[in-house]
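Colleague: I would like to see how this sequence folds:
(4 chains)
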Protein chains: 2
Amino acid sequence: MRKQNGKSERRSGCPLNASVEMLGDRWSLLIIRDMMLLGPRTYTEFLNSYERIATNVLADRLKQLEAYGILATERDAKDRRKQIYRLTAKGIDLAPVLTEMVLWAAAYEETENAALVQEMRKDKKAFLAGVRRRGAEKTH
Amino acid sequence: MRKQNGKSERRSGCPLNASVEMLGDRWSLLIIRDMMLLGPRTYTEFLNSYERIATNVLADRLKQLEAYGILATERDAKDRRKQIYRLTAKGIDLAPVLTEMVLWAAAYEETENAALVQEMRKDKKAFLAGVRRRGAEKTH
DNA sequence: CAGGATCCGTTTCGATACTG
DNA sequence: CAGTATCGAAACGGATCCTG
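Modeller: Residues are numbered from 1 along each chain as shown, chains lettered A, B, ... in the order given. So this is what the prediction gives:
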């Protein structure tokens, strides 16, 4: 488990000091993005999504995201061996953050999957609805 | 300097793969937040803002953010020893991302500086204008 | 004194081997 | 399949030193 690093910041009047622990992490963001765009995932699907994530790091981040209440786990009803990771309501509410990140990145950094970006830009609410719908999927 | 880690992700159809390098970093986010809320800053001001940032890490992040075009440096006209770090237009355009982060954090994690959060929630455009105004300040 | 660079002990990461 | 254990490499936090 990662260092929990309780009191890191001196500045007290500023928001975000606590949550930056979770949002300021490369892998956590990618995990959240994948669940938003693709719906509930399994451990192995995450593992195959990123070239350079180690199994222990993935396990650590999933555990941490669950502890934060951003995702929840359940067993696949059909295949009891499989475990499904799914965004909670709290996790789904991160969609606007990810949306703004993607729009910024699209404007300045990259143009990958321009169609999706276009959809997000044109109608943020429709995109958010899509995230909610995928979050509610039984399986994928 | 931090590892630049060229090709980290396998998934090609998803946006955000590149920019997560910059946005998925704890200190970068805090540096950007400080400049948005407080205007242009000096190295020493950043250093005093966070209890646990090391001088080499701060220097590294400032260098990296400058390389990304998110901030720019200039010398203080009055005190030539001082160097001022200021958000560029590209950096200012990150305001929506930070705004959504703060609103999410306020809803679920913390309630620090509720007045500011209230302002952001009520009128995002006014808050963005404030960021722009602070960004244009001559000194602070 | 402001803005770092350098060294050093500790923590985290990435890779891989292994296990319930 | 879903992780845990281990280990070398990289990054980090802290202190100190350097330079204008």
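
Colleague: make it CA atoms for all contacts and neighbour counts henceforth
Modeller: Noted.

Colleague: ok, is stretch A:85-96 in contact with chain B or not?
Modeller: Yes - counting by C-alpha under 8 Å from any C-alpha of the partner chain, chain B is contacted by stretch A:85-96 at A:K90, A:D93, A:L94, A:P96.

Colleague: contacts for whatever helix or strand A:P96 lives in, please.
Modeller: Element membership of A:P96 [criterion: DSSP states H and E] is helix A:95-108. Outside helix A:95-108, the residues within contact range by C-alpha atoms under 8 Å, 6 or more residues apart in numbering or on different chains are A:33, A:36, A:112, A:114, A:117, A:120-121, A:124, A:128, A:131, B:15-16, B:19, B:90, B:93-94, B:96-98, B:100-101.

Colleague: so whatever helix or strand comes next after it versus helix A:95-108, what angle?
Modeller: Following helix A:95-108 in sequence order, the next helix or strand is helix A:114-122 (DSSP H and E). Interaxial angle, helix A:114-122 versus helix A:95-108 (axes from the mean of the first three to the mean of the last three C-alpha atoms, to 10 degrees): 120 degrees.

Colleague: buried ones in helix A:114-122?
Modeller: Neighbour counts using 16 or more other C-alpha atoms under 10 Å in any protein chain shown place A:L116, A:V117, A:M120 of helix A:114-122 among the buried residues.

Colleague: closest one to B:A72 out of these, please.
Modeller: Of all those, A:V117 has the smallest distance to B:A72: 27.9 Å, by C-alpha to C-alpha.

Colleague: how about the nearest residue to the closest one, chain neighbours excluded?
Modeller: Nearest in space to A:V117, with sequence neighbours left out and distances taken as C-alpha to C-alpha, 6 or more residues apart in numbering or on different chains, is A:L103 at 6.6 Å.

Colleague: state the distance from the one you found to A:A114.
Modeller: Look at A:L103 and A:A114: by C-alpha to C-alpha, to the nearest Å, they are 10 Å apart.

Colleague: one more: A:K82?
Modeller: Distance from A:K82 to A:A114, by C-alpha to C-alpha: 33 Å.
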